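Asks: Predicted model and sequence follow; I will ask about them next.
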Amino acid sequence: MRKQQITKAVIPAAGLGTRFLPVTKASPKEMLPLVDKPLIQYVVEEAVASGIRQIIIITGRGKRAIEDHFDISFELEEILKQTGKKRLLPELRNISEMADFCYIRQSQPQGLGHALLCAKHVIGDEPFAVMLGDDIIDHPKPALKQMVEIYENHHAPIIGIQQVEKSEVHQYGILDASVTKEGLYKIKTLVEKPAVADAPSDLAVIGRYILTPEIFELLEKTPPGKNNEIQLTDALKELAKIKSMYGYRIEGSRYDAGDKLGFLQATVEMGLKNPQLGNKFRNYLKGLSL
Ligand code: UTP
């Protein structure tokens, strides 16, 4: 088998974000600020810190702000120079220079599987990462880097997972798998959002994947499923039938920032960790009569 490095990451960001309405009516949820950076910047920084150079973002109507954020802002830079705020320039420039960005429009939000299929021609015949733009994972060793290392040992698709409470299994794709070694599971199949009684485990699929190009042929054959959308999970079930596929338990704190409560939790925890604001914010929280 040809062994290839992971150099491309697809970030699907064309969903409607209905769990976060009304803010997502006219603004992309991926641009919600976590302290002082939009959610999607955390994900791109994780990709870059994991050795990825090419970022392919799937966008749709109303998502222009994402492209503008990762572009050079000529006017802003000029104004900052003229108003003595030059020190802000390197950080701003770095946002557009940290990777090569490519944008693909998904004309209708027909599901995560369909969004991924839109990237087929840019990925070609190589393994690649998929990172959901509203899943924030905080760990000194970037989540995707942890997965890339597993990929380099196994050269097989790797699905990022975390253990969840039994009461939460109905919200996730759940693994039916056997343990290979600490934190690594060989996948038999996946069950989408099962009732607790039907869940084969408590290992939930989260928003990080390393996939191989066979997934595209499988997605092309996948009929619309739940909500009339092409579901990535359906194609992954087929992939598990033809290839060894592993679930890797990602180390780190993970926040579903596309959900209102998950977003608030991420905001508090990242705020407390922020070098400039952390102490003041902690004192403020301590002063609340909770
Ligand atoms: P989600 O189901 O979490 O996102 O999809 P959503 O549809 O935007 O949000 P809700 O559930 O209505 O609140 C997972 C990821 O797949 C992307 C989303 O942007 C999100 O990052 N996605 C989903 C697409 O790019 N296209 C789609 O058609 C659907």
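Replies: Now that the structure is in, tell me what you want to look at.

Asks: Just give me the neighbour total for residue 28.
Replies: Residue neighbour count, defined by other Cβ atoms under 10 Å, stands at 25 for residue 28. Where you see a C-beta, it was placed from the backbone N, CA and C, and this is true even at glycine.

Asks: Then residue 173?
Replies: 21.

Asks: what does residue 223 give?
Replies: 8.

Asks: Then residue 264?
Replies: 12.

Asks: what about residue 220, which SS state?
Replies: Following DSSP: H, G, I helix; E, B strand; the rest coil, residue 220 is assigned to helix.

Asks: Look up the pLDDT of it for me, please.
Replies: For residue 220, the model assigns a pLDDT of 96.

Asks: do the same with residue 90
Replies: Residue 90 is assigned 88 on the pLDDT scale.

Asks: could you list every residue that touches residue 112?
Replies: With contact set as Cβ atoms under 8 Å, 6 or more residues apart in numbering, residue 112 has these partners: 12, 15, 132, 229, 230, 231, 232.

Asks: what's around the fourth one, how many residues?
Replies: As a burial measure, residue 229 scores 18 neighbours (other Cβ under 10 Å).

Asks: now swap in the first one and tell me
Replies: Per other Cβ under 10 Å, the neighbour tally for residue 12 reads 28.

Asks: Not counting sequence-adjacent ones, nearest residue to it?
Replies: residue 115 (3.9 Å; Cβ to Cβ, 6 or more residues apart in numbering).

Asks: Wait, a helix at the one you found?
Replies: Yes: according to three-state DSSP, residue 115 belongs to a helix.

Asks: What residues does residue 32 make contact with?
Replies: Residue 32 makes contact with 20, 23, 38, 39, 257, 263, according to Cβ under 8 Å, 6+ apart.

Asks: need the residues of this structure near the ligand, please.
Replies: Neighbours of the ligand within the chain, by Cβ under 6 Å from any ligand atom: 12-20, 58, 106, 109-112, 114-115, 132-134, 258.

Asks: Only the buried subset of these, as a PyMOL command please.
Replies: Buried subset of those, written as a PyMOL selection, criterion 16 or more other Cβ atoms under 10 Å:
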select buried, resi 12+13+14+15+17+19+20+58+106+109+110+111+112+114+115+132+133+134+258
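
Asks: picking up where we left off before, among the contacts of residue 112, which one lies nearest to residue 70?
Replies: Closest approach to residue 70 among the contacts of residue 112 (Cβ to Cβ): residue 12, at 15.6 Å.

Asks: what's the spacing between that closest one and residue 174?
Replies: Using Cβ to Cβ, to the nearest Å, residue 12 is found at 21 Å from residue 174.

Asks: So the residue nearest to residue 98 when sequence neighbours are not counted: helix, strand or coil?
Replies: Counting by Cβ to Cβ, 6+ apart, residue 98 lies nearest to residue 48, which is 5.0 Å off, once chain neighbours are set aside. State at residue 48, reduced to three classes by three-state DSSP: helix.

Asks: How many residues are close by residue 48?
Replies: Residue 48: 17 neighbours (other Cβ under 10 Å).

Asks: Please verify my assumption that it contacts residue 99.
Replies: Yes: at 5.4 Å, residue 48 and residue 99 qualify as touching, with contact defined as Cβ atoms under 8 Å.

Asks: Now for the two: what residues contact both?
Replies: Contacts common to residue 48 and residue 99, judged by Cβ under 8 Å, 6+ apart, are absent.

Asks: picking that back up, export the contacts of residue 32 to CSV and tack on secondary structure, distance to residue 276 and pLDDT?
Replies: As requested, these are arranged in CSV below (DSSP: H, G, I helix; E, B strand; the rest coil; distance: Cβ to Cβ, whole Å; pLDDT from 0 to 100):
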residue, secondary structure, distance to residue 276, pLDDT
20, helix, 27, 94
23, helix, 25, 93
38, strand, 18, 97
39, helix, 19, 97
257, coil, 21, 95
263, helix, 21, 97
